[in-house]
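[1] Here's my sequence, what's the structure:
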Amino acid sequence: MNTKQSQERDSAFLVNEDAMKNLLRVLHAREKQVQAGGGEKATARHHDRGKMTARERIDTLLDEDSYFLEIGLFTAWEMYEEYGGAPSAGTVFGIGRIHGRDCVIVANDATVKAGAWFPITAKKNLRAQEIAMENRLPIIYLVDSAGVFLPMQDEIFPDKEHFGRIFRNNAIMSSMGIPQIAAIMGFCVAGGAYLPIMSDEALIVEGTGTVFLAGSHLVKSAIGEAIENEELGGARVHSELSGVTDYRMPDDATALRTIRDLVSKLGNRGHAGFSRIAAVEPARPAQDIYGIVPKDRSKPYDVHALLSCIVDDNEFVEYKADYGRSLVCAYARIDGWAVGIVANQRSIVRDGKGEMQIGGVIYSDSADKATRFILNCNQKKIPLVFLQDVTGFMIGSRAEHGGIIKDGAKMVNAVANSTVPKITIITGNSYGAGNYAMCGKAYDPRFIFAWPSAQIAVMGGAQASKTLLEIRLGQLKRAGQEITEEEKQKQLSHIQDRYDSQTSPYYAAARLWIDGIIDPADTREVISYSIAVANNNPEIPQFNPGVIQT
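    Below is the predicted model of the structure:
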């Protein structure tokens with residue numbers, strides 16, 4: 001490489017790096033905003049009652065050096081604004097270690113609308129239970145909630161994925177032998193009262209914890225009985241009279257220490273046995289990712305450079321390297337864990353016939369290669385890692401005549417039926433059927449995260465906006481209206497802005513289409529811990545690929 005080329009590369013690297021760092025500055029500012037929950041005043045009132053906040057409770061519960069993989073930090077981002085918003089959906093949850101044991105922890109944040117449940121709160125709690133079931137992890141509920149957010153009760157109460165599903169899952173997890181421990185640390189009202197009591201063991205904190213099917217106001221209006229909440233369902237009542245709770249605790253700190261003690265005595269149920277050896281540092285530092293991924297998402301880059309920042313050095317064996325080159329499939333190690341990587345190649349390459357292949361597009365040969373590779377990983381019990389930067393499957397007469405639909409269907413079939421854990425990271429584009437083939441949310445990844453550079457949509461913003469504009473212009477023309485070129489551009493800009501807001505990773509995270517938005521430099525750590533969590537489930541079903549025509 002000559003000096004001029006080196007300078008150009010360095011200049012492009014710095015531009016890319018600066019763009020990613022700007023995205024990360026926004027990310028970290030928003031993280032801090034959400035982590036504040038209901039704000040300083042609400043937190044102060046919480047402390048005045050002698051209570052820890054949800055995040056303080058989790059910090060106290062975890063081992064001092066434990067990594068905490070938070071799920072759903074941005075849940076409800078920019079949602080429910082007519083009600084004043086609901087930061088993190090009023091619930092903090094994630095996975096961390098207690099006495100070295102991976103546990104799911106769910107804590108109501110009572111600084112946010114008294115911990116009330118919005119529709120997306122139910123979805124978030126169901127995701128927590130799903131993770132516990134898939135990975136056979138103990139789950140701990142730190143309950144402090146006023147119950148269903150009544151103005152939206154019709155969107156949270158009766159359906160299959162609504163509030164009642166949580167209690168159904170309580171019962172299912174008990175039958176599966178998954179330990180559930182609940183601490184009642186504040187209000188626990190109405191249907192929500194079933195969650196801690198359907199757990200295997202329940203603690204209640206004296207003076208702050210109460211549990212009842214109906215609070216004092218409803219009891220007064222319904223049957224005319226006048227009684228205070230503490231007398232109705234406080235710690236003394238349920239520890240001495242009803243026997244509803246198992247442990248009576250004087251304060252939050254004691255309750256959390258007791259939970260730690262209970263977890264320390266859990267037996268070991270075995271592991272999946274995924275291969276892991278001593279880790280080797282990657283060939284390049286993780287922060288180099290910032291400069292490798294282009295600021296302009298339409299520009300190509302070599303995904304091998306990105307992988308060199310994530311995988312263990314000298315642990316990379318590429319499968320069919322010269323065939324189906326718009327996808328890179330490789331056996332590698334990430335922090336010592338053996339993985340099968342399926343990554344979109346964003347550089348422009350030539351296929352076996354010498355024809356150009358556009359970066360980020362899945363061609364027939366690539367889909368065929370990925371299908372075979374996924375089958376191999378299932379046979380060898382190797383977890384799969386998908387790195388998504390995909391604009392979709394190839395279109396046009398050549399692709400259609402070559403059977404792109406059949407080859408794409410084979411890949412989707414393999415992904416759908418894969419039984420080894422699948423970890424998906426959306427690094428850039430995630431469009432159309434490419435999202436499905438690269439193990440989007442609909443295909444049951446064990447965990448799915450996105451970088452702040454990600455975009456998730458049925459197609460790219462420019463194409464979608466022009467298509468939507470043509471539809472709008474057609475409607476106006478049929479109504480006998482004509483618009484000027486200036487008005488046309490104004491309409492296009494409005495459509496583009498709306499579409500772009502819906503493709504944002506924050507929009508996806510708010511609705512739990514992804515588990516979270518991560519710093520690209522943390523990708524290796526996130527993947528490693530995700531596999532460690534998945535390794536807790538010793539049961540890997542036999543892989544049956546279904547009908548895959550060759």
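[2] So which bits of the helix or strand hosting Thr121 are buried?
    For Thr121, the host element (DSSP states H and E) is helix 119-135. Going by neighbour count (16 or more other C-beta atoms under 10 Å), the buried part of helix 119-135 is 119-129, 131-135. No exception for glycine: its C-beta is placed from N, CA and C like everyone else's.
[3] and it, what's its mean pLDDT?
    For helix 119-135, mean pLDDT rounds to 97.
[4] Same check on stretch 387-397?
    According to the model, stretch 387-397 has a mean pLDDT of 89.
[5] Equivalent analysis for stretch 270-281, please.
    96.
[6] where does the stretch 51-200 of the chain dip in pLDDT?
    Applying pLDDT under 70 to the stretch 51-200 of the chain flags no residue at all.
[7] just so I have it, where are all the strands in it?
    69-71, 91-98, 101-108, 139-145, 180-189 (DSSP state E, counting those that start in this stretch).
[8] can you point me to the longest helix in this structure?
    Looking only at the chain and at elements set by DSSP state H, the helix with the highest residue count is helix 3-35.
[9] gap between that one and the chain center?
    23 Å (C-alpha atoms, centre = their mean, to the nearest Å).
[10] Which strands or helices does that helix pack on?
    Helices and strands touching helix 3-35, as assessed by 3 or more C-beta pairs under 8 Å, 6 or more residues apart in numbering; DSSP states H and E, comprise helix 289-292.
[11] Mind checking what helix or strand follows the helix it packs on in sequence?
    helix 303-307.
[12] Ile58 and Pro179: what is the separation?
    To Pro179, Ile58 is 18 Å away according to C-beta to C-beta, to the nearest Å.
[13] for Gly72, same thing?
    The value you get for Gly72 to Pro179, if C-beta to C-beta is used, is 22 Å.
[14] okay, those two: which has more neighbours?
    Gly72 (25 against 22; other C-beta atoms under 10 Å).
[15] shouldn't that one be in contact with Phe93?
    Yes: look at Gly72 against Phe93 with C-beta atoms under 8 Å: they come within range, at 6.4 Å.
[16] overlap in contacts of the two?
    Lys124, Arg127 (C-beta atoms under 8 Å, 6 or more residues apart in numbering).
[17] tell me the mean pLDDT for stretch 421-434?
    pLDDT averaged over stretch 421-434 gives 95.
[18] Just the buried positions in that stretch, please.
    Neighbour-count burial for stretch 421-434, counted by 16+ other C-beta under 10 Å, picks out 421-434.
[19] ok, those residues vs Ile204, which is closest?
    Pro421 (36.3 Å; C-beta to C-beta).
[20] Pretty sure that closest one sits against Ala532.
    No: using C-beta under 8 Å, Pro421 is not in contact with Ala532, being 10.4 Å away.
[21] and Leu476, what pLDDT?
    pLDDT, Leu476: 71.
[22] give the contact list for the nearest residue to it once chain neighbours are set aside.
    Nearest residue to Leu476, sequence neighbours excluded (C-beta to C-beta, 6 or more residues apart in numbering): Ile483, at 6.3 Å. The contact partners of Ile483, taken as C-beta under 8 Å, 6+ apart, are Leu473, Leu476, Gln491.
[23] ok but Ile483 is inside a helix, no?
    No: secondary structure of Ile483 (DSSP: H, G, I helix; E, B strand; the rest coil): coil, not part of a helix.
[24] do you know how far it is from Gln491?
    Counting by C-beta to C-beta - Ile483 and Gln491 are separated by 7 Å.
[25] now the contacts of Ile483 in TSV, with secondary structure and neighbour count?
    Output for those, formatted as TSV (DSSP: H, G, I helix; E, B strand; the rest coil; neighbours: other C-beta atoms under 10 Å):
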residue	secondary structure	neighbour count
Leu473	helix	16
Leu476	helix	14
Gln491	helix	17
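[26] Nearest to Ala114 among those?
    Using C-beta to C-beta, the contacts of Ile483 come closest to Ala114 at Gln491, 43.4 Å.
[27] Please look at that closest one and Arg472 and confirm they touch.
    Yes: using C-beta under 8 Å, Gln491 is in contact with Arg472, at 6.2 Å.
[28] Flag every buried residue along the longest helix of the chain.
    Neighbour-count burial for helix 3-35 [16+ other C-beta under 10 Å]: Ala12, Asn16, Glu17, Ala19, Met20, Leu23, Leu24, Leu27, Arg30, Glu31, Val34, Gln35.
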